[in-house]
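**Q** sequence and predicted structure, then a few things I'm wondering about:
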Amino acid sequence: MGVLNVTPDSFSDGGEFFDLHRAVTQAESLLDEGAQMVDVGGESTRPGSDPVPPEEEARRVVPVIREMLIDRPDAIVSIDTYRAGTAGAALEAGARIVNDVTALRGDPLMAALVADARCPVVLMHMLGEPKTMQRDPRYDDVVREVRDFLAARAEHAVAAGVKEESIILDPGIGFGKTLEHNLALLRDLDSLIGLGFPVLVGASRKSFIGRITGEEEARERVFGTVAANVISYERGATFFRVHDVRANRDALAVARAIQRAY
Ligand code: HH2
């Protein structure tokens, strides 16, 4: 899954694809590099960020989705939003997946929207909210708490009419987590895989990688990202949300070939 942030302030590429033409060109290069889907977002959820008004979020993403699907009608677009209004407008414009970092808690209308649309939905774990989530995140047992939370959110989604086979779970790397929390979640990803849903990992360029490698520049964290994704793949993850498609695609292709060799 290639990341397309149509925002002025995302943590690693803020402002780069804020312009319609540049956003569409970037979507196409993500696909050309081998992304199987493009995740389009119009609001940064980086630590410390503020929400943008709903109309502004939709105004950013809808034209990009429409435009990119004119050139690439078969492209699979995912909409990164927790707002039903934005998700609905994006689905109408041709998006096919909803990626909700609040796991259907951010908007009371979202569960019904996803159920009606019968589209896949990513349910992500986040402790607190972006503005404050990195202040002092604490867990007794991060792996168990994230797994139990996601199991409960999947149950909630099913109760609202979402089909079990439409659900994808995500531990929410960096969302209210210290370096140690992120590492424990990736190390014990099997625990999440055990719930029986496909798992998405969004480790790309995140600060925990910089904490380990010393790389302060987010866009220089591609090697560390690849390591996190290959390990996650080996543990059973299915989707990898990345900014640098080519590097991750090649690494995952090799990891997969080794795993399947006999
Ligand atoms: N991470 C970000 C945004 N959306 N969605 C899922 N499912 N999982 C993630 O880990 C995830 C996500 C944050 O990364 P990015 O979009 O690059 O930055 P920003 O939120 O600053 O736009």
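**A** Nice, thanks for sending it over.

**Q** ok, and for stretch 49-57, which residues are buried?
**A** Judged by neighbour count using 16 or more other Cβ atoms under 10 Å, the buried positions of stretch 49-57 are 49, 51-52, 54, 57. C-beta coordinates here come from the backbone N, C-alpha and C atoms, glycine included.

**Q** quick check: the farthest pair among those?
**A** Maximum pairwise distance in the buried residues of stretch 49-57, criterion Cβ to Cβ, is 15.4 Å, between Ser49 and Pro54.

**Q** how about the helices in the stretch 1-150 of the chain?
**A** For the stretch 1-150 of the chain, applying DSSP state H, counting those that start in this stretch gives helices covering 20-32, 54-71, 84-92, 110-117, 142-159.

**Q** what inclination does the fourth one have with respect to helix 84-92?
**A** Using axes from the mean of the first three to the mean of the last three Cα atoms, to 10 degrees, the interaxial angle of helix 110-117 with respect to helix 84-92 works out to 20 degrees.

**Q** just to revisit the earlier point, buried deepest among the helices of the stretch 1-150 of the chain, which one?
**A** Each of the helices of the stretch 1-150 of the chain was scored by mean neighbour count; the highest is helix 84-92, a mean of 22, by mean count of other Cβ atoms under 10 Å.

**Q** output the contacting helices and strands for it.
**A** Packing partners of helix 84-92 (3 or more Cβ pairs under 8 Å, 6 or more residues apart in numbering; DSSP states H and E): helix 54-71, strand 77-80, strand 97-100, helix 110-117.

**Q** and the end-to-end length of stretch 64-77?
**A** Terminal residues of stretch 64-77 lie 10 Å apart, using Cα to Cα, to the nearest Å.

**Q** and the contacts of it?
**A** For stretch 64-77, the external contacting residues (Cβ atoms under 8 Å, 6 or more residues apart in numbering) are 4, 6, 20, 23-24, 27-28, 31, 36-40, 79, 90, 93-97.

**Q** what do you get for stretch 27-37?
**A** 1-4, 38, 40, 64, 68, 71-72, 75-78, 97, 242, 245-246, 249.

**Q** redo that, cut-off 7 Å
**A** Residues from elsewhere that reach stretch 27-37, judged by Cβ atoms under 7 Å, 6 or more residues apart in numbering: 1-2, 4, 38, 64, 68, 71-72, 75-78, 97, 245-246, 249.

**Q** try stretch 122-135
**A** Residues outside stretch 122-135 that contact it (Cβ under 7 Å, 6+ apart) are 45-50, 99-104, 137, 146, 149-150, 153-154, 157, 167-172, 175-176, 200.

**Q** swap in stretch 187-203?
**A** 122, 143, 147, 150-151, 154, 167-171, 173, 209, 225, 228-229, 232, 235-241.

**Q** is it positioned near the ligand?
**A** Yes: judged by Cβ under 6 Å from any ligand atom, stretch 187-203 comes into contact with the ligand at 200, 202.

**Q** where are the low-confidence patches of the stretch 151-262 of the chain?
**A** Applying pLDDT under 70 to the stretch 151-262 of the chain flags no residue at all.

**Q** in strands, which of the contacts of stretch 187-203 fall?
**A** Judged by DSSP state E, these include 122, 167-170, 239-240 as members of strands.

**Q** what's the farthest-apart pair in those?
**A** Across the ones in strands among the contacts of stretch 187-203, no pair lies farther apart than Ile167 and Phe240, at 17.6 Å, counting by Cβ to Cβ.
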